[in-house]
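Undergrad: Requesting a structural model of the entry that follows:
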Amino acid sequence: MISLHEISFRIQCQALGFGFLLYSIVSVCAAEEPMTLTLAAHDYPPLIAQNRPYGGLLTRIVTESFAIEGVKLQVEYVPNNRSIAGVMAGIYTGSYGWAHSPDRDKKMLYSSDPIYTFRMVFFQRRGGEYPWKSLADLSQYRIGATLGNHYSDEFSALEAAGTLHVDNATDDKTNLIKLLRNRIDLFPMEETCGQFLIKEIFTPTDQQKIDYQTGAIWSVPTYVVIRRDYPNAKEIIDRFDRGFRQLGQNGKLAKLIKETLDAVSKTDPPTQDNAPDR
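TA: Numbers count the residues shown, from 1 in each chain. As a prediction, this is how the structure comes out:
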């Protein structure tokens, strides 16, 4: 016959066992609870596009890479020059679609692998001739630039030295309008995004007035960035890296790129006044 003492002991053991099991279940659930992360971004369709399917190509790549590692991404859309400047100033946690530069490298951690390689080219008025072998050859021309963007170390050095005459504006749209109106001669922009923006802001007639050079200024790899002083910055980057690599290894990345670009390109632009600002 089992004594009352033995029964009590067994009940205590079962209770302890159940408690440990419950603790284990709660611990696993807590570990699997997704982290929520907010990154700043600016509209740069078809790569980043607030009102387009998936938020544009880069937004989808970053969102799905983080999701694989249990990170739920939220995107705060801000004007172009506030995105990266806000990260460097400690206002935002991070961003994506940005290249290395000396000042950024001091304040930000980068994903190990680039998420997209921008091909920067000069846009110009159709029929214009602006031959060059090195950027210094363009010293006689007016070149537009967008505040907050980095066009290459060479471009920045020549601008700082006064060799290049650079006229800054707050966004790419303004620069393309200035180009159309002969207020600047050249404007560097990512090739695909420049063509996309021209179709959005100009009438078919004005679209025919803008062309771009075939030679690239710079092919620039771009990354996810997190500011160095943000808590768990290294963990966030590590999670993204693992998710991004898995996305590429399982073959989903190539399919995702085609699917997203097709969806963004086929969607009508948001209703807006596409006439150039006066």
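Undergrad: Thought L138 was touching W132, still the case?
TA: Yes. Contact status for W132 versus L138: in contact at 5.2 Å, counting by Cβ atoms under 8 Å. Quick note: C-beta positions are derived from backbone N, CA and C, even for glycine.
Undergrad: With neighbour numbers in mind, choose between the two.
TA: Between W132 and L138, L138 has the larger neighbour count (other Cβ atoms under 10 Å), namely 21 against 15.
Undergrad: who are the neighbours in contact with that one?
TA: L138 makes contact with 130, 132, 164, 186, according to Cβ atoms under 8 Å, 6 or more residues apart in numbering.
Undergrad: same thing with R82?
TA: Each residue near R82 by Cβ under 8 Å, 6+ apart is listed here: 40, 42, 148.
Undergrad: what phi and what psi does the backbone show at the closest residue to D43 other than its chain neighbours?
TA: Spatial nearest neighbour of D43, chain neighbours left out: Q50 (5.5 Å); criterion: Cβ to Cβ, 6 or more residues apart in numbering. Torsion angles at Q50 (phi, psi; degrees, to the nearest 10) stand at phi -60, psi -40.
Undergrad: separation between Q50 and P231?
TA: Using Cβ to Cβ, to the nearest Å, Q50 is found at 27 Å from P231.
Undergrad: do L73 as well
TA: Counting by Cβ to Cβ - L73 and P231 are separated by 17 Å.
Undergrad: if you go through the chain in chain order, where are the strands?
TA: Taking DSSP state E, the strands of the chain run over residues 35-41, 71-77, 94-98, 108-110, 116-125, 142-146, 165-169, 186-190, 210-227.
Undergrad: wait, doesn't D113 sit right on D241?
TA: Yes. In this structure, D113 is within contact of D241 by Cβ under 8 Å, at 6.9 Å.
Undergrad: The two: which has the busier surroundings?
TA: D241 (16 against 13).
Undergrad: residues contacting the more buried one?
TA: 111-113.
Undergrad: swap in R60?
TA: Neighbour list for R60: 54, 256, 260 [criterion: Cβ under 8 Å, 6+ apart].
Undergrad: List just the nearest of those to A157.
TA: Of all the contacts of R60, T260 has the smallest distance to A157: 35.6 Å, by Cβ to Cβ.
Undergrad: you'd agree that closest one is up against G56?
TA: Yes. Look at T260 against G56 with Cβ under 8 Å: they come within range, at 7.4 Å.
Undergrad: Report the set of residues contacting both of these two.
TA: Counting by Cβ under 8 Å, 6+ apart, the contacts common to T260 and G56 are P46.
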